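J.: Pasting a predicted model and its sequence here:
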Amino acid sequence: MVALIPTDADDAASLSDALVRALDDGPALGFGMLGEAPESVPRGTAVVIATSGSSGIPKRVALSAEALRASAEATAARIGSGRWLLALPAGYVAGLQVLVRSIVAGTRPVPLEGRFSPESFADATLSMLRPARRSSGGIPELYTSLVPAQLATLLDAADDRPVLAALQAYRAILVGGQALPQPVRERADDLGVRLVRTYGSTETSGGCVYDGLPLDTVGVRTVDGELRIAGPMLADGYLGDGELTARTFSHDEHGIRWYHTGDLGLVDEGGVVRVHGRADNVIVSGGINISLDRVERLVQRVPGLSGAVVVGIEDERWGEASVIVAPRGEALRRSESEQLAHARDIVAEELGKHARPVRLIVVDELDRLPSGKPDREAIRRAVAELR
């Protein structure tokens with residue numbers, strides 16, 4: 001057994017040093033557990049992360065040093081290695097992996113100073129390039145990891161030359177945590193920003209499918225429509241919850257261990273993984289099951305709604321219905337009624353009239369979790385109160 005130390009993720013420099021020790025069989029780091037008494041975990045455990053709880057109760061995911069290194073090494077094999085900018089909270093797996101990848105690459109991560117903004121992103125990025133210009137080593141390959149909301153903020157500010165130069169400086173910008181809206185992806189492509197869409201979770205030590213293709217050490221298959229993942233980067237399980245671990249991880253007839261993602265999807269003939277949405281993010285409207293994730297992806301195609309979130313509410317007529325919640329920061333090009341009509345038309349064409357959202361609500365700012373993801377439960381509660 002090794003000690004599990006509740007850890008503050010705010011100081012990236014000291015956290016990197018502590019993570020080096022944790023990866024080398026030292027005390028394990030516990031994120032999201034400040035204020036709790038230290039405890040012991042099985043030897044080999046490097047970190048325990050409390051998941052964001054975007055759609056349920058947070059769980060404590062135990063990740064081994066072997067799993068974290070396997071993930072970082074597979075990423076380097078796919079996209080290369082170099083210097084990483086830390087623009088996400090290090091207490092969540094996407095930010096933590098920026099530190100692990102830096103350790104594996106033998107580099108020091110550069111933390112973003114202060115609140116995330118286009119200016120702070122540009123300053124941090126350009127600071128990573130300036131020392132290289134004075135040395136014989138040349139300009140290093142730059143990498144970072146963002147959530148879609150951060151990327152959209154940067155693209156909105158891309159008329160500012162330093163921001164655009166910073167975006168274009170990266171060999172790869174990993175984008176994950178939630179689906180990347182198609183309009184945002186197209187804007188990035190038009191500006192020459194090199195994006196890599198990632199799919200994964202804390203239970204897979206972060207992203208393990210890049211642009212639809214599993215990393216070299218990863219296996220993906222579907223069972224009854226649910227995506228399942230195998231590979232050396234899988235978590236050991238949930239700390240203190242053997243029953244949940246047994247339900248979420250299983251071994252097949254060949255002894256291969258699989259993680260049950262809870263996501264619906266398929267693996268096509270070319271081996272490309274296509275994610276349809278959470279199996280539990282479904283409403284029943286008029287007796288018909290509707291995936292809110294699929295509705296949301298269609299709504300985000302509407303100009304001005306690329307940052308929108310779709311939630312389900314009780315409805316007197318249909319039992320349940322979907323509502324669009326969009327941040328006011330994205331300038332709506334037409335009236336809200338016209339925007340809603342456009343969204344309803346797109347959804348009806350793709351999924352049928354039964355799936356059309358019933359309302360569009362524009363807010364000053366979406367509620368978000370510390371990880372940067374939308375806080376869907378808080379958004380849903382706020383919408384329910386409005387009705």
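T.: Structure's in. What do you need?

J.: can we go C-alpha only for contacts and neighbour counts from here?
T.: Will do.

J.: And the helices in the stretch 201-350 of the chain, which stretches?
T.: Using DSSP state H, counting those that start in this stretch, the helices of the stretch 201-350 of the chain run over 242-248, 292-299, 336-351.

J.: For the second one, name the packing helices and strands.
T.: Pointing back at helix 292-299 there. Packing contacts for helix 292-299, counted by 3 or more CA pairs under 8 Å, 6 or more residues apart in numbering; DSSP states H and E, involve strand 273-278, strand 309-315, strand 319-327, helix 336-351.

J.: rerun that using 10 Å as the cut-off
T.: The contact analysis (3 or more CA pairs under 10 Å, 6 or more residues apart in numbering; DSSP states H and E) places helix 292-299 against strand 273-278, strand 282-285, strand 309-315, strand 319-327, helix 336-351.

J.: Check which helices and strands the third one is in contact with.
T.: For strand 309-315, the contact count by 3+ CA pairs under 10 Å, 6+ apart identifies strand 282-285, helix 292-299, strand 319-327, helix 376-386 as packing neighbours.

J.: Distance from stretch 344-358 to the middle of the chain?
T.: 27 Å (CA atoms, centre = their mean, to the nearest Å).

J.: got the end-to-end distance for that stretch?
T.: End-to-end distance for stretch 344-358, by CA to CA, to the nearest Å: 8 Å.

J.: Give me the contacts around it.
T.: Here stretch 344-358 makes contact (CA atoms under 10 Å, 6 or more residues apart in numbering) with 283-292, 294-299, 301-302, 310-312, 315, 318, 321-324, 338-343, 359.

J.: per the record, what domains does the chain have?
T.: What automatic domain parsing lists as the domains of the chain is 2-204, 281-386.

J.: Put together CSV for the ones you listed, with distance to residue 260 and mean neighbour count on each row.
T.: Formatted as CSV, the domains of the chain follow (distance: least, CA to CA, whole Å; neighbours: other CA atoms under 10 Å):
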stretch, distance to residue 260, mean neighbour count
domain 2-204, 10, 19
domain 281-386, 16, 18
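
J.: Dump those domains into a markdown table; add distance to residue 257 and mean pLDDT as well.
T.: Formatted as a markdown table, the domains of the chain follow (distance: least, CA to CA, whole Å; pLDDT from 0 to 100):
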| stretch | distance to residue 257 | mean pLDDT |
| --- | --- | --- |
| domain 2-204 | 12 | 91 |
| domain 281-386 | 26 | 89 |
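
J.: Now render those domains as JSON lines, adding distance to residue 224.
T.: Shown next, in JSON lines, are the domains of the chain (distance: least, CA to CA, whole Å):
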{"stretch": "domain 2-204", "distance to residue 224": "19"}
{"stretch": "domain 281-386", "distance to residue 224": "16"}
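
J.: Between those, which one is closest to residue 249.
T.: Each of the domains of the chain has some distance to residue 249 by CA to CA; the shortest is domain 2-204, at 9.7 Å.

J.: Can you pull the phi and psi angles for residue 124?
T.: phi -70, psi -40 (degrees, to the nearest 10).

J.: what's the closest non-adjacent residue to it?
T.: Nearest residue to residue 124, sequence neighbours excluded (CA to CA, 6 or more residues apart in numbering): residue 112, at 6.0 Å.

J.: Could you do residue 337 as well?
T.: Once flanking residues are discounted, residue 337 sits nearest to residue 360: 7.8 Å by CA to CA, 6+ apart.

J.: quick one, what contacts that neighbour?
T.: By CA under 10 Å, 6+ apart, the residues touching residue 360 are 308, 310, 322-326, 336-337, 339-341, 343.

J.: for those, which one is nearest residue 108?
T.: residue 308 (35.4 Å).

J.: from memory residue 289 sits against residue 283, does it?
T.: Yes. In this structure, residue 289 is within contact of residue 283 by CA atoms under 10 Å, at 5.8 Å.

J.: what touches both of the two?
T.: 320, 355.

J.: give the contact list for residue 372.
T.: In this structure, residue 372 makes contact with 52, 88-89, 92, 146-150, 177-178, judged by CA under 10 Å, 6+ apart.

J.: Please flag which of these sit within helices.
T.: 148-150 (DSSP state H).

J.: Can you tell me which of the residues you listed is closest to residue 220?
T.: Nearest to residue 220 among those is residue 148, at 23.9 Å by CA to CA.

J.: circling back: for the residue nearest to residue 124, give its distance to residue 24.
T.: In terms of CA to CA, residue 112 sits 26 Å off from residue 24.

J.: ok, now residue 189?
T.: From residue 189 across to residue 24, the span is 40 Å (CA to CA).

J.: and what of residue 202?
T.: Taken as CA to CA, the span from residue 202 to residue 24 is 20 Å.

J.: What pLDDT does the model give residue 265?
T.: We have a pLDDT of 94 for residue 265.

J.: Between the ones in helices among the contacts of residue 372, which sits nearest residue 262?
T.: When the ones in helices among the contacts of residue 372 are compared for distance to residue 262 (CA to CA), residue 148 wins out at 21.4 Å.

J.: Contacts only, for residue 211.
T.: Taking CA under 10 Å, 6+ apart, we find residue 211 in contact with 174-175, 195-199, 272-274.
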